[in-house]
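**Q** build the 3D model from these lines:
(chains A, B and C)
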Amino acid sequence: MDLSPVLTGFSVAFEPENLLFCLLGVTIGMLIGVLPGLGPAATIAILLPITYNLEPAAAVIMLAGIFYGAQYGGTITSVLLKLPGEASTVVTAIDGHALAKRGEAGSALGVAALASFIGGTASILLLSFIAPALAGVALAFGPAEYTVLALIGIFLVGTLGSGSLVKSAAAAAAGLLLATVGLDPLLGTPRFTFGTDQLADGIDFVIVAMGLFGIGEILYNLEHRDRPQSAVPAFGRAIPSRAQWLRSRLAILRGSAVGFVLGILPGGGATMSSLVAYAVEKRSAKDPSRFGKGAIEGVAGPESANNAAATSSFIPLLTLGIPANATMAVLFGALMLQGITPGPALMTEHPDVFWGVVNSMYLGNLLLLALSIPLIGVFVRMLKIRPGVLAPITIVITMLGVYSIRNNAFDMLLAVALGLVGYAMRKLGFEPGPFVLAFVLGSLLEGSFRRSMRIFGGDVTEFVQRPLSATLVGVLVLTVVVIPVLRAVRARQIDRATEPAES
Amino acid sequence: MNPRPFTRRGLLATTAAVPVAALTACNGVQGGADAAENDFPTRAVDFTVPFDAGGSSDLLSRAACLAAEEPLGQSIALTNKPGANGAVGLKELLSGDADGYSIALAVKSLFAITPLVVDDPDAVSIDDFRIIATLTNEAYVLVVHADSPYQSLEDLVAAPSLNYGTAGVGTGGQLSLALLFGLAGTEATDVPFDGGAPAVTALLGQEIDAVSGSLAETMPQIEAGALRPLTVFSEERSPFLADVPTAAESGYEVVVDQRRFVVAPGEVSDTVAGALVLAFEQARQDPDYQAFLQDNFMDVWEVEDIEARNHLSEAAQQYAQNVADAGLTLGDGS
Amino acid sequence: MAENETEDALPEPDAPAPGGRGLAAVAGAVPVVLGAAAAWLSLRLDIGTLTDPGPGLWPLIVSALLVATGIGILVSARRAGGTEAFTRGAISVAAAAVALFAYASLFEVVGFEIPTLLLLAAWLRFLGRESWLSTALLSVGVTAAAYALFILGLGVPLPHLIVL
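**A** Numbers count the residues shown, from 1 in each chain, chains lettered A, B, ... in the order given. So this is what the prediction gives:
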């Protein structure tokens, strides 16, 4: 391939002005990532006016930095406060927070930062070399493929729980039910909207995550504030130990690969990637029972996956002009305001923008890694703040963040109501993870299935007649039926062999 | 139409009632007492975009407000308040003060198409608003994949059966194709997606046979040669696709377009409205704004309040009539 | 054997008290009731067929799933622990929720400053049991910091009274 545009891109990325905007972008991104509820899409929208007077490349370099910087920052609150601001960090919160409770917050965040860096960088490398070839992947996925993919995801949600399986299933079912609130995706019929058009577009994911995880957790701790707090032990170092590195390096590699591939898919790719990465780690672990209680691979895999996915989600935008998620939609808008139409012609018509942005990401990731290490040290100290002080501050920031999603106070009421649900779930032994992820995948599943049915004219067998969806159906059967059955059989054999007399 | 939606009351009704009460006074929050109307505006004007950031309405609002700030002599603060095709943001506008410091963008489809799909007794009516400035007229274009066998509109409607994608229920794209295939008697299945981009993606992947979308959604792919335009549903040919015939030229009287305009609450005083109207009139002459329209394939719609009002109510009647004539059901059709 | 653990064994000093059978039954009953209610609402929508689903079909399937899992929980409720008894601390939770609902309702009416200040003060003093001095300092400080960060720094369009 002709490398000259790539090299031009480097010179664009390394122009002092662009360096500055890259640094500015990743710093803002990291900051808003840390603030629960305030997401990159809202922030980029707010900062759009600043970009009016910038060069297109500088504008997009900064805005892109906000997007992937927020991924790094979001991990910090997920791990320390169990406040996942993005669907893709829900999974990280599970083992990350367990590690933090064990006093390993520092190293958990250190591994997460390293995993994010490796995942992100690997993904840019792949993007640089094979992005045009991969554009087709996004197109190969039609409604049928998304249907099967979402179904796989919902079954994988089951692997998240560490408690009762039937309770995980119930939580997931409740999440699927909540996802049906709003207008019917194909017919426009209001469902469970109770007459208000505040609910017509359904409920935003962030509200559900903030309510069930963040506010629910705070309310739960409030009830038990008189219980002697188990003193948080030393926080550990931000630099991971050799043992942790050895344990997570393969997870990081696998996570990067999974994240890169799934991130290309517009709609649900990033969420799926962290979920799949977690499931892969849990299933390939010698002792899966460690997961949910603070397994470092459960942080490393999903973190590398969601950062790789964040990067590869630029592929459909930059090569096809298709925004893969809400943040990409705003970035799309930013480019349009600059008079640049993202699309098939971008790479040839504006190579400086395309390669400038792509190459700035190497630098951005490096800056983020460098920023992370000292920041982790600062943020970990948050755990030393008395819960009676930390809780109200967290909740105020969360509420302001929730408001900023749609600039709507109704959403704050919803978040509090969901916080009560999260609290009650915790008391009754349900986990919020399956609920939240099923919520995300539910609308993807229903919409895709019904679109497929329309396209297939009601013929369900088409799912196994299309090569790609048939392959995915194979994967589904393998993960949901074959592997568990084999496992059960083997476990029984081992049981018989080791303890023949006992039950 | 569904006979029952929006009348049921349930668990959430009480929670839902709280913010409605809460919204009524919110616009007075930012500033003190207003000076005389003649001095309008003495502080920043709030502009509500009742759609998500990044979409056509959002981008257009940003470009128009940017151009209107200087003639207005005050800054214009943009806030996105999405929901229900703009109804959430516009209802809030109406619940606030009619002092001219709160204005919003509105779209034709909310007044002309949404009522055909969602039966909402509390729906906003164009009579509740004063039209400050009409901005754009955007055509819907029917596209097929470049590898598709259909070279013309005649080919397409003659197909034995089709699946067509739209940006969702109650969009102009859906209405235009439902009317077209209804008139032509083509056996066609509607596949609504969650927005224009997924629909175009599905067409690029040849999952579906055709899409009717806005020019902003489809032009980049048309220019790249990935999609082929067959017809436009505007009254006249689009200046951006001068070679593409209108549906009417091919004998199908289907005219569906999207129009965007700026509104204030209806009770706003003439003096205040006058100042706003003047500012946006000058904004429409701004070269940057005009370049924006060009870049985003938006045609201008620049008429007086009364003409715009007539157009909107006529379009609403016309669509309802068309849908009834063709025996169509948008939405769930129950 | 599980019963012995949950009923008789003394809980560890730090561990939450288990909820017992009553609460375990509630944990199953809630999904059943919720699912049944949702199923009833779904049935009032058009169900359609599997190949041509109406708006009610998917909610109905999901509701049925919820009912089924709820029954599953009820069946295993005899031995399954996993719940925690509600304590008197639950009153604080209710108080906090009421405060938050009030906060959200006032937010757009009077701007974010006063509700934020009041929420912080009430929470710090009564739920967090901070001294009056640190309550005052912290609530003013955090509100000011939030103003600086969200409104001045990031330009988030929060409704606010004070214009700087």
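**Q** got the contact list for the residue lying closest to B:A247 once chain neighbours are set aside?
**A** Nearest residue to B:A247, sequence neighbours excluded (Cβ to Cβ, 6 or more residues apart in numbering or on different chains): B:V254, at 4.5 Å. To be clear about C-beta, it is placed using only N, CA and C from the backbone, and glycine gets the same treatment. For B:V254, the contact set (Cβ atoms under 8 Å, 6 or more residues apart in numbering or on different chains) comprises B:S176, B:L179, B:L180, B:L183, B:F233, B:A247, B:A248, B:N322.
**Q** please redo it, this time with the cut-off set to 10 Å
**A** By Cβ atoms under 10 Å, 6 or more residues apart in numbering or on different chains, the contact list for B:V254 reads B:140, B:142, B:175-184, B:212, B:231, B:233, B:246-248, B:322, B:326.
**Q** mind listing which of those residues are in helices?
**A** Of the contacts of B:V254, the ones assigned to helices by DSSP state H are B:L175, B:S176, B:L177, B:A178, B:L179, B:L180, B:F181, B:G182, B:L183, B:A184, B:N322.
**Q** could you dump these to JSON lines with neighbour count?
**A** Formatted as JSON lines, these follow (neighbours: other Cβ atoms under 10 Å in any protein chain shown):
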{"residue": "B:L175", "neighbour count": "26"}
{"residue": "B:S176", "neighbour count": "28"}
{"residue": "B:L177", "neighbour count": "25"}
{"residue": "B:A178", "neighbour count": "23"}
{"residue": "B:L179", "neighbour count": "24"}
{"residue": "B:L180", "neighbour count": "27"}
{"residue": "B:F181", "neighbour count": "24"}
{"residue": "B:G182", "neighbour count": "18"}
{"residue": "B:L183", "neighbour count": "17"}
{"residue": "B:A184", "neighbour count": "19"}
{"residue": "B:N322", "neighbour count": "20"}
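**Q** quick check: the two most widely separated of these?
**A** For the ones in helices among the contacts of B:V254, the maximum inter-member distance is 14.9 Å, found between B:L175 and B:A184 (Cβ to Cβ).
**Q** quick revisit: tell me the one among the ones in helices among the contacts of B:V254 nearest to chain C.
**A** Relative to chain C, the closest of the ones in helices among the contacts of B:V254 is B:A178; by Cβ to the nearest Cβ it sits at 16.9 Å.
**Q** tell me how far that closest one lies from B:T218.
**A** For B:A178, the distance to B:T218 equals 18 Å [Cβ to Cβ, to the nearest Å].
**Q** can you get me a residue count around residue 44?
**A** With no chain named, the answer covers chain A. The number of residues packed near A:I44 is 30, by other Cβ atoms under 10 Å in any protein chain shown.
**Q** that was the other one, I meant chain C.
**A** Residues contacting C:R44 under the criterion other Cβ under 10 Å number 10.
**Q** near chain B, which residues of the stretch 401-503 of chain A are found?
**A** With the criterion set to Cβ under 10 Å from any Cβ of the partner chain, the stretch 401-503 of chain A comes near chain B through A:404-414, A:416-417, A:443-444, A:447-448, A:450-458, A:466.
**Q** 7 Å - rerun?
**A** Contacts of the stretch 401-503 of chain A with chain B, taken as Cβ under 7 Å from any Cβ of the partner chain, map to A:R406, A:N407, A:N408, A:A409, A:F410, A:L413, A:A417, A:G447, A:R451, A:R454, A:I455.
**Q** for chain C, same thing?
**A** Residues of chain C lying near chain B by Cβ under 7 Å from any Cβ: C:D46, C:P55, C:S105, C:E108, C:V109, C:V110, C:G111, C:P157, C:P159, C:H160, C:L161, C:V163.
**Q** need the helices for chain C, in chain order.
**A** Going by DSSP H, chain C shows helices at C:2-3, C:20-43, C:57-75, C:90-110, C:113-122, C:132-146.
**Q** which one of these lies nearest to B:T136?
**A** Closest to B:T136 of those is helix C:90-110 (Cβ to Cβ; 30.5 Å).
**Q** run the chain-centre distance for the closest one.
**A** A distance of 12 Å separates the C-alpha centroid of helix C:90-110 from that of its chain, computed with Cα atoms, centre = their mean, to the nearest Å.
**Q** over to stretch A:74-90?
**A** Distance of stretch A:74-90 from the chain centroid (Cα atoms, centre = their mean) equals 9 Å.
**Q** and it, does that touch chain C?
**A** No: under the criterion of Cβ under 7 Å from any Cβ, chain C is not reached by stretch A:74-90; the shortest gap measures 14.7 Å.
**Q** hmm, back to that, tabulate the ones in helices among the contacts of B:V254 (CSV), appending distance to chain C and pLDDT.
**A** Listed next are the ones in helices among the contacts of B:V254 as CSV, based on distance: Cβ to the nearest Cβ, whole Å; pLDDT from 0 to 100:
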residue, distance to chain C, pLDDT
B:L175, 20, 91
B:S176, 23, 93
B:L177, 19, 93
B:A178, 17, 91
B:L179, 22, 91
B:L180, 22, 93
B:F181, 18, 92
B:G182, 19, 89
B:L183, 24, 89
B:A184, 23, 90
B:N322, 24, 87
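**Q** need those residues in JSON lines (columns: distance to B:V88).
**A** Listed next are the ones in helices among the contacts of B:V254 as JSON lines, based on distance: Cβ to Cβ, whole Å:
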{"residue": "B:L175", "distance to B:V88": "22"}
{"residue": "B:S176", "distance to B:V88": "25"}
{"residue": "B:L177", "distance to B:V88": "27"}
{"residue": "B:A178", "distance to B:V88": "26"}
{"residue": "B:L179", "distance to B:V88": "28"}
{"residue": "B:L180", "distance to B:V88": "31"}
{"residue": "B:F181", "distance to B:V88": "32"}
{"residue": "B:G182", "distance to B:V88": "31"}
{"residue": "B:L183", "distance to B:V88": "34"}
{"residue": "B:A184", "distance to B:V88": "36"}
{"residue": "B:N322", "distance to B:V88": "28"}
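**Q** SS state for the spatially closest residue to B:F240 that is not a sequence neighbour?
**A** Spatial nearest neighbour of B:F240, chain neighbours left out: B:F297 (4.8 Å); criterion: Cβ to Cβ, 6+ apart. Using DSSP: H, G, I helix; E, B strand; the rest coil, the structure places B:F297 in coil.
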